[in-house]
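In: okay, sequence plus prediction incoming.
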Amino acid sequence: MFDLIKAGKYFAFTSPLATDELTDEPDDGKRLKMLSLIPEYKIKVLSFTEETQRLTELYIQEGVVSSSWETDAAHIAMTTVNGLDFIVSLNFTHIVRPWTFERVRRVNFREGYKPIGIYKPSEVLEL
């Protein structure tokens, strides 16, 4: 996938929540390697806005994602609010599953947002 990003087929984005998690990584080597991917692949760090917070809370209220997993709801909300086409995740428990996709689609439609795709990395490679 990173080869496709480097080739310009996809533009990559991340969230400040993800970069915060990386900053908290105690292993210096892992932390530096992961953080270096951001400039190397020109990954844009999205902003967490009031609208992102509102949609995050709505996803939780609607049962899209449990309140225990607010960060997951926030990643979906940032994807939606920023008008991105899809989110790619390795989180098969809370994000990449048909239940989540359908509920996100319903909430986004009702709130005036376009639907987003929710994929695991191997599915994006097939697009």
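Out: Right, received. Where do you want to start? Numbering: from 1, shown residues only.
In: so the closest residue to residue 120 other than its chain neighbours is in which element?
Out: Excluding the flanking residues, the one nearest residue 120 by C-beta to C-beta, 6 or more residues apart in numbering is residue 96, at 5.0 Å. Any C-beta I mention is one placed from the backbone N, CA and C, and that applies to glycine too. For residue 96, there is no host helix or strand (DSSP states H and E).
In: burial count for residue 96?
Out: 18 (other C-beta atoms under 10 Å).
In: ok, residue 14 next?
Out: 17.
In: oh, and call the first residue 203 from now on, that's how I've got it
Out: Sure thing, new numbering starts at 203, so read that last one as residue 216.
In: list the contacts of it.
Out: Contacts of residue 216 were listed using C-beta atoms under 8 Å, 6 or more residues apart in numbering, and they are 240, 245-248.
In: and it, backbone torsions?
Out: Taking degrees, to the nearest 10, you get phi -140, psi 180 for the backbone angles of residue 216.
In: model confidence over stretch 241-253, on average?
Out: For stretch 241-253, the mean per-residue pLDDT is 94.
In: show me what counts as buried in it.
Out: 243, 245, 248, 250 (16 or more other C-beta atoms under 10 Å).
In: contacts for whichever helix or strand residue 324 is part of?
Out: For residue 324, the enclosing helix or strand under DSSP H and E is helix 323-327. Here helix 323-327 makes contact (C-beta under 8 Å, 6+ apart) with 203, 206, 212, 288, 290, 292.
In: can you do 7 Å?
Out: Here helix 323-327 makes contact (C-beta atoms under 7 Å, 6 or more residues apart in numbering) with 203, 290, 292.
In: ok, the last one - contacts?
Out: Think residue 292. Residue 292 neighbours (C-beta under 7 Å, 6+ apart): 322-323.
In: quick revisit: residue contacts, the residue nearest to residue 322?
Out: 291, 320-322 are the contacts of residue 298 under C-beta under 7 Å, 6+ apart.
In: any chance of these in a markdown table with secondary structure, distance to residue 274 and neighbour count as columns?
Out: As requested, those are exported to a markdown table (DSSP: H, G, I helix; E, B strand; the rest coil; distance: C-beta to C-beta, whole Å; neighbours: other C-beta atoms under 10 Å):
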| residue | secondary structure | distance to residue 274 | neighbour count |
| --- | --- | --- | --- |
| 291 | coil | 8 | 18 |
| 320 | strand | 11 | 22 |
| 321 | strand | 15 | 19 |
| 322 | coil | 14 | 15 |
